[in-house]
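**Q** Here is a sequence with its predicted model. Questions after.
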Amino acid sequence: QVRLVESGGGLVQAGGSLRLSCATSGRTFSSYAMGWFRQAPGKERDIVAAIGRSGGTYYADSVKGRFTISRTNAKNTVYLQMNSLKPEDTAVYYCAAQQSGRYSIESHEYDYWGQGTQVTVSS
């Protein structure tokens, strides 16, 4: 069983930055694809960014140029650097792992999930 633990969320003013971290257990982190999703109240859980085991990345249009996903396999950790935050970025952010190693934008294709971390951006 793989355990994912997110951290780094909080309250920030519009235009500010946050860095989310997702630490994972297990010995095969380097073989996983990792994704960050977010869910605002009353809305569906949507992809924010993803990174494959080979380092290829995907970004939702709404965050391109502002967010950066990265991974450090030696630390079993994936990060989401969020800059120029907007109030519409407010959501619970979830980290997810996919065993196939190829990232997906579909939440149902991920095998393991963290508990989520709240990000609130004030205007």
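**A** Here it is on my side, so go on.

**Q** Let me see the contact set for the spatially most central residue of the chain.
**A** Using C-alpha atoms, centre = their mean, the residue of the chain that lies closest to the mean C-alpha position is residue 36, 2.2 Å off. Shown here is residue 36, whose contacts under the criterion C-beta atoms under 8 Å, 6 or more residues apart in numbering are 20, 22, 47-50, 69, 78, 80, 93-96. For the C-beta atoms, the positions are set from N, CA and C on the backbone; glycine is no exception.

**Q** And these, which is closest to residue 106?
**A** residue 47 (7.8 Å; C-beta to C-beta).

**Q** Which secondary structure element is home to that closest one?
**A** Residue 47 is located in strand 46-51, with elements delineated by DSSP states H and E.

**Q** Contacts made by the helix or strand following that strand with the rest, please.
**A** Using DSSP H and E, the helix or strand that directly follows strand 46-51 along the chain is strand 57-59. Residues outside strand 57-59 that contact it (C-beta under 8 Å, 6+ apart) are 47-51, 67, 69, 103, 105.

**Q** Quick one: the strands in this protein, in order.
**A** Secondary structure of the chain, counting by DSSP state E: strands at 4-7, 10-13, 18-24, 33-39, 46-51, 57-59, 67-72, 77-82, 91-98, 112-113, 117-122.

**Q** Quickly run through the sheet partners of the strand holding residue 47, with directions.
**A** Paired strands of strand 46-51, with direction, are strand 33-39 (antiparallel), strand 57-59 (antiparallel) (DSSP bridges).

**Q** any idea how far that strand is from the chain center?
**A** Averaging C-alpha positions (C-alpha atoms, centre = their mean, to the nearest Å) puts strand 46-51 6 Å from its chain's average.

**Q** Mind listing residues that contact it?
**A** Looking at strand 46-51 with C-beta under 8 Å, 6+ apart, the contacting residues turn out to be 33-39, 57-60, 63, 67-71, 78, 80, 93, 103-107.
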